[in-house]
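Participant: Sequence and predicted structure, then a few things I'm wondering about:
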Amino acid sequence: MANFTIADIKALREQLGTGLVDTKKALEEADGDLEKAVEILRLAGAKGNAKRADRSTSEGLVVAREREGAVTLIELNTETDFVAKNERFIALADKVADAAAAAGADSAEAALAADAGGQTVEQLISDEAAILGEKVVLRRVRTLTGEHFEIYLHKTSKDLPPQIGVVVAYTGDDAETARSIAQHISFANPTYLSRDDVPAEEVEKERQIVTEISRNEGKPEAALPKIVEGRVNAFFKQVALLDQDYAKDNKLSVGHVAKNAGITITDFARFKVGA
């Protein structure tokens with residue numbers, strides 16, 4: 001008979017979150033050696049992770065961590081909303097966010113290599129995915145630096161953790177307006193801070209497209225420059241935060257609202273799970 005007790009089974013299950021039958025089988029295979037049983041269970045979990053490698057991960061959550069002078073925003077994905085609201089998955093996201101913030105990671109790759117209590121974040125995710133029974137992916141990580149920050153986490157469903165996360169970095173003292181702008185970003189989804197940040201090749205491509213559209217509409221050739229310029233400006237209002245119409249007052253741009261409040265938006269990040 002294998003040399004282990006019910007207490008050993010309980011301790012191992014609490015450590016790894018594994019099922020009763022699998023834990024007992026591992027202890028039997030390891031002849032009661034707890035360390036060897038852990039290796040057996042983790043190997044089995046790793047094999048399960050490999051089988052799940054091609055599965056899609058469109059559910060999950062966003063988490064933000066602030067430390068002095070910086071905020072780190074992460075998006076952690078899984079397969080189903082059932083796991084996305086699981087306490088163990090939420091706890092994993094918190095650990096990943098803590099590790100990423102401590103390392104100042106500004107990409108998923110950097111965060112995966114960060115230390116998480118004696119193991120890498122990548123290994124932590126792999127171990128927890130084996131227990132959760134679903135593929136888990138650290139999709140995106142951004143770290144913003146600045147003077148002040150506003151963090152807005154939005155729940156798209158009351159039964160799920162936040163799935164849209166926004167961080168705004170700014171200078172000035174009007175936190176209320178900064179938070180309102182963060183809320184604006186959550187649904188307006190700008191790509192760039194200002195029109196100056198839009199790559200020249202992207203602007204030129206848009207200019208070519210709207211020129212072709214205008215010609216196809218039969219617009220007079222002499223009027224094309226003005227028409228095209230107007231449509232390019234409309235493009236800027238779609239993609240550049242400071243050019244966008246402010247959600248609470250579309251007669252003002254976000255840039256004007258910030259200026260009137262005496263704040264300067266220096267950077268922002270927006271993650272939406274699965275988008």
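Facilitator: Everything's here; your move. Numbering: from 1, shown residues only.

Participant: Neighbours of residue 137, how many?
Facilitator: By the criterion of other Cβ atoms under 10 Å, residue 137 has 17 neighbours. Placement of C-beta: from N, CA and C, glycine included.

Participant: Looking at strand pairing, list the partners for it.
Facilitator: Counting by DSSP bridges, residue 137 is bridged to residue 77.

Participant: For it, give its distance to residue 205.
Facilitator: From residue 137 over to residue 205 the distance is 31 Å, taken as Cβ to Cβ, to the nearest Å.

Participant: now swap in residue 32 and tell me
Facilitator: Applying Cβ to Cβ, the value for residue 32 to residue 205 is 66 Å.

Participant: Please apply the same query to residue 7.
Facilitator: 66 Å.

Participant: more neighbours, the two?
Facilitator: Higher neighbour count among residue 7 and residue 205: residue 205, with 11 against 8, using other Cβ under 10 Å.

Participant: so which helix or strand takes in the more buried one?
Facilitator: When elements are assigned from DSSP states H and E, residue 205 belongs to helix 200-216.

Participant: Helix or strand next in line after that helix, which one?
Facilitator: Taking DSSP H and E, what comes next after helix 200-216 is helix 224-239.

Participant: What are the buried residues along that following helix?
Facilitator: Residues of helix 224-239 classed as buried: 227, 228, 231, 232, 235, 236, 237, 239 (neighbour count, 16 or more other Cβ atoms under 10 Å).

Participant: How about stretch 243-253?
Facilitator: Buried residues in stretch 243-253 (16+ other Cβ under 10 Å): 243, 244, 246, 247, 253.

Participant: ok, back up a step: can you name every helix or strand that the helix holding residue 205 contacts?
Facilitator: With contacts taken as 3 or more Cβ pairs under 8 Å, 6 or more residues apart in numbering; DSSP states H and E, helix 200-216 sits against helix 224-239.

Participant: The next helix or strand after the helix it packs on: how far from the chain's middle?
Facilitator: Toward the C-terminal end, the helix or strand that comes next after helix 224-239 (DSSP H and E) is strand 245-246. Centroid displacement of strand 245-246 relative to its chain, using Cα atoms, centre = their mean, to the nearest Å, is 25 Å.

Participant: Over to stretch 150-158?
Facilitator: The answer for stretch 150-158 is 12 Å, by Cα atoms, centre = their mean.

Participant: residue boundaries of the helices in the stretch 1-150 of the chain?
Facilitator: Using DSSP state H, counting those that start in this stretch, the helices of the stretch 1-150 of the chain run over residues 6-16, 20-29, 34-51, 81-84, 87-103, 108-112, 121-132.

Participant: To residue 147, which of those helices lies closest?
Facilitator: Closest to residue 147 of the helices of the stretch 1-150 of the chain, according to Cβ to Cβ: helix 87-103, at 17.7 Å.

Participant: tell me the domain ranges of the protein?
Facilitator: Annotated domains of the chain cover 6-51, 56-145 [automatic domain parsing].

Participant: Now for the residue nearest the centre of the chain: which residues touch it?
Facilitator: The centroid of the chain falls nearest to residue 75 when counting by Cα atoms, centre = their mean (2.4 Å). With contact taken as Cβ atoms under 8 Å, 6 or more residues apart in numbering, residue 75 is in contact with 60, 61, 62, 138, 139, 140, 141, 165, 271, 273.
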